[in-house]
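Q: next one to model:
(2 chains)
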2 protein chains.
Amino acid sequence: MKEALLLTPGPTNVPARVLDKTALPMIHHRTKEFQAILERVNGNLGKVFVTKHPVLYFASSGTGAMEATVTNLLSKGDTVLSISAGKWGERYRDIARVYELDVKSFEIEYGKAVSVEEVRAALKAHPNAKAILITLTETSTAVVHPIKEIAALTRNSNTLLFVDAISGLCCDPLPMDEWGVDVVVCGSQKGMMLPPGLSFVAVNDRAQAAISTSTLPKYYFNFAETIKAMKKNDTPFTPAVSLIRGLDEALIMLLEEGIEKVWARHAEVAHYVREKVKDLGLDLFAKSPSNALTAIVLPADIPSKNLINYMRDQHGVVMADGQGELQGKIIRFAHMGWACTAKDAKTGYDAFRDALAKAGYARAQVVNA
Amino acid sequence: MKEALLLTPGPTNVPARVLDKTALPMIHHRTKEFQAILERVNGNLGKVFVTKHPVLYFASSGTGAMEATVTNLLSKGDTVLSISAGKWGERYRDIARVYELDVKSFEIEYGKAVSVEEVRAALKAHPNAKAILITLTETSTAVVHPIKEIAALTRNSNTLLFVDAISGLCCDPLPMDEWGVDVVVCGSQKGMMLPPGLSFVAVNDRAQAAISTSTLPKYYFNFAETIKAMKKNDTPFTPAVSLIRGLDEALIMLLEEGIEKVWARHAEVAHYVREKVKDLGLDLFAKSPSNALTAIVLPADIPSKNLINYMRDQHGVVMADGQGELQGKIIRFAHMGWACTAKDAKTGYDAFRDALAKAGYARAQVVNA
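A: The predicted structure is shown next:
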């Protein structure tokens, strides 16, 4: 069976080079051979996250790492500013609420990015806030938030900036140290070109200083123990050996290309998809669109499910429906990681146009592919 | 390079059949194809855990699942009885302390199993205890605890029995429902024949009833949400797709053999190793030895490190040193999962005897291999 083209916001297609490494015979994790892998991984993660600070990894989904940033850096009762404009921003907020933080929730209209002015006002209203919790790429709406400008506000304040870049890393630029972002969270199955199952957290000096003041309980996700182990190219608990061997290879591939070129490729492909969608006379849902995926507003009489099933069955192309109240109304056409090439985007667009044409959307029947 | 024979208490060798499945092209997790895999996995996990109750799984090390049993079933201030006789029992205790449970710690001499009388007395002294936290196979000492007899005490009491079977499952018998064990924790990289990265928790009706009364915070490891999702062959968060495809295959392999036969194979191989060790005139460290691994007390003048390095370099056989205060004094010769065969045990024994002989241990030089 031909491999499906996964143009979904994760999991994305994984290169054969990476899959092959994950299937190598098992090795023990407390060996020189595995330590050499961890040493290379630790170094290369810094280059991909564009930081000189440690990038921790865990066996978990991205959500586990989001939770870990709360339990390791914050305490019950801490004021945090949650900025959400979709499902993933809301998840960060909900995690903070579970741990009884004093969450000030700033909920932006779906489809929009938060404005720098809104963040400035929020910080002014809550100068004691320990952290801002925000998303780089909000995949439920395909919006990218202005992290660089927000970091310019937080980096000289006492408020830490936590960025959930689970879906955005490698797709939308996020030079952590240059911008002054304190915490970056990521998952493996998006721009990182890996199977799901690994999560990442980069913590700068300000964030690391917060570890010692946090009073929330934690055990498996323990940043202090993890950082200590990393210094010896070790892990506090048995690591996901096979996924980490895949990670090693994926990082090598990303650095063979160079992270700036990876960002540029995503920008080019995203631009192509957006222009094609406009040619079809359709609107983008995101006012501030991400380069990781494009959310396309469908004609009111064409439900997303029909298009998605048709693309899958006739073209072997998998795209995602909207989530929650957006279900049925938008299609999310992702261009992330390994599946972010001009060729894959063209295949995706052709499938989408064909599906629309079959569904009776006149303009898709006449627009030249 | 020839694959090393991993006779360590995890990770163990992974069958090629399983590795191949983990390296299949990525598929999306919210598809009929993946749901069919989850449906089969959910059914087969019950057969391997020998329970009709749900077996939950997470991307994490086994420690994450241990922690999850505390955060999902217990509350701050709850009295729990920790029974430990080595590093892993102590870990369960330490997790409970992190969450500020009222931990009554019963610390048994290393090398011994707890006696049923000791447990009976502990329960009598603390009739309000919410749970007993214990290990099936304590790999730091190679001891197996008498879980069947302990469950006979707890099953008609108000105290739940939590068993960390991370290393023991599939190696030492644990028919959960028949014995009346309430909670069974497992990891993927031991008897389950998988790479590390997945953890498991089986919860019977009594344990599930405790979910609603627990007040500890949790988000990623959420049993209620996980059980709800499992009913639809779904997961609350993106699952570790590639490892779960490997799990699917490993479960099929275990059930092709049959779980009772898997237990019998471990019993036979363990018996062989123990007899061979005695033939060499060496002592077993465990008074109540597990079938998952054998801890061998070394002659005082032969440090473990020399033997371990020699076996690795000359025979491609990897065994583990003692942990903590046992480091240097014992060797842990595991016979778990895929590497638990008569042939592998013979290879391991031959390597061990050769290493001992080279180290000048006279009896190893004369004993017939």
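Q: list the contacts of stretch A:268-286.
A: Applying C-beta atoms under 8 Å, 6 or more residues apart in numbering or on different chains, the external contacts of stretch A:268-286 come out as A:110-111, A:113, A:141-144, A:289-299, A:326, A:330, A:333, A:335, A:340-342, A:344-346, A:348-349, A:353, A:356, A:361, A:363-364, A:367. Where C-beta positions appear, they are placed from N, C-alpha and C, glycine not excepted.
Q: so for the worst-scoring helix or strand of chain A on mean pLDDT, what gets flagged as buried?
A: Least confident helix or strand of chain A, by mean pLDDT, DSSP states H and E, is helix A:362-366 with a mean of 90. Neighbour counts over helix A:362-366 (16 or more other C-beta atoms under 10 Å in any protein chain shown) mark A:Ala364 as buried.
Q: elements contacting that helix?
A: Contacts of helix A:362-366 with other secondary structure elements, assessed using 3 or more C-beta pairs under 8 Å, 6 or more residues apart in numbering or on different chains; DSSP states H and E, are made with helix A:342-358.
Q: could you tell me how far the lengthiest helix in chain A lies from the centre of the chain?
A: For chain A, the helix with the greatest residue count under DSSP state H is helix A:259-279. Helix A:259-279 has its C-alpha centroid displaced from the chain centroid by 17 Å (C-alpha atoms, centre = their mean, to the nearest Å).
Q: would you say A:Phe333 is within a helix?
A: No. Counting by DSSP: H, G, I helix; E, B strand; the rest coil, A:Phe333 falls outside a helix, being strand.
Q: residue contacts, it?
A: Per C-beta under 8 Å, 6+ apart, neighbours of A:Phe333: A:7, A:273, A:277, A:293-296, A:319, A:348-349, A:352.
Q: repeat for A:Val114
A: A:83, A:85, A:106, A:108, A:134, A:145-146, A:150.
Q: show me these that map onto strands.
A: Secondary structure from DSSP state E places A:83, A:106, A:134 of those in strands.
Q: nearest residue to the last one other than its sequence neighbours?
A: Same thing as A:Ile134. Residue nearest to A:Ile134 in three dimensions, not counting chain neighbours: A:Ile83, with 4.5 Å by C-beta to C-beta, 6 or more residues apart in numbering or on different chains.
Q: output the set of residues of the stretch 101-250 of chain A in proximity to chain B.
A: Taking C-beta under 8 Å from any C-beta of the partner chain as the measure of proximity, the stretch 101-250 of chain A contacts chain B at A:187, A:189, A:195-197, A:216-221, A:237-243.
Q: in ChimeraX, select just the buried ones from those.
A: Selection of the buried residues among those in ChimeraX, burial being defined by 16+ other C-beta under 10 Å:
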select /A:187,189,195,196,197,216,217,218,219,220,221,237,238,239,240,241,242,243
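Q: before we move on, back to that, show me which pair in the contacts of A:Val114 is furthest apart.
A: For the contacts of A:Val114, the maximum inter-member distance is 13.9 Å, found between A:Phe106 and A:Pro146 (C-beta to C-beta).
Q: those two: which is more packed in?
A: A:Phe106 (21 against 15; other C-beta atoms under 10 Å in any protein chain shown).
Q: in the stretch 51-200 of chain A, what residue spans correspond to helices?
A: Counting by DSSP state H, counting those that start in this stretch, the stretch 51-200 of chain A has helices at residues A:62-73, A:87-98, A:116-125, A:147-154, A:176-179.
Q: hang on, the earlier thing: among the contacts of A:Phe333, who's most crowded?
A: Going by other C-beta under 10 Å, A:Leu293 tops the contacts of A:Phe333 with 34 neighbours.
Q: hmm, back to that, ok now the least confident helix or strand of chain A, how far from the chain's centre?
A: Worked out by C-alpha atoms, centre = their mean, helix A:362-366 lies 34 Å from the chain centre.
Q: how about stretch A:327-345?
A: 14 Å.
Q: buried sites along it?
A: Neighbour counts using 16+ other C-beta under 10 Å place A:329-340, A:344-345 of stretch A:327-345 among the buried residues.
Q: mind saving the C-alpha coords of that stretch as CSV?
A: The C-alpha coordinates for stretch A:327-345 follow below in CSV (Å, rounded to 0.1, in the frame of the first residue of the first chain):
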residue,chain,number,x,y,z
GLN,A,327,-15.7,21.2,12.7
GLY,A,328,-17.2,21.0,9.3
LYS,A,329,-16.5,24.6,8.5
ILE,A,330,-12.8,24.6,7.7
ILE,A,331,-10.2,22.3,6.4
ARG,A,332,-6.7,22.3,7.9
PHE,A,333,-4.1,21.8,5.2
ALA,A,334,-0.8,21.3,7.0
HIS,A,335,2.7,21.7,5.5
MET,A,336,5.0,20.6,8.3
GLY,A,337,8.2,18.9,8.5
TRP,A,338,9.1,16.2,6.0
ALA,A,339,5.8,16.7,4.1
CYS,A,340,6.6,20.4,3.6
THR,A,341,7.8,20.4,0.0
ALA,A,342,6.6,22.1,-3.1
LYS,A,343,5.7,18.7,-4.5
ASP,A,344,3.7,17.6,-1.5
ALA,A,345,1.9,21.0,-1.4
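Q: how about the closest residue to chain B within the stretch 201-350 of chain A: what's its closest non-neighbour residue?
A: Of all residues in the stretch 201-350 of chain A, A:Ala240 sits closest to chain B, at 3.2 Å by C-beta to the nearest C-beta. Using C-beta to C-beta, 6+ apart and skipping residues adjacent in sequence, the residue nearest A:Ala240 is B:Gly197, 3.2 Å away.
Q: could you measure from that neighbour over to B:Thr238?
A: B:Gly197 sits 14 Å away from B:Thr238, taking C-beta to C-beta, to the nearest Å as the criterion.
Q: how close does the residue in the stretch 51-200 of chain A positioned nearest to chain B get to A:Ser288?
A: Nearest residue of the stretch 51-200 of chain A to chain B: A:Gly197, at 3.2 Å (C-beta to the nearest C-beta). Remark: distance between A:Gly197 and A:Ser288 (C-beta to C-beta) = 31 Å.
Q: contacts only, for A:Pro146.
A: Going by C-beta under 8 Å, 6+ apart, the list of residues near A:Pro146 reads A:113-116, A:288.
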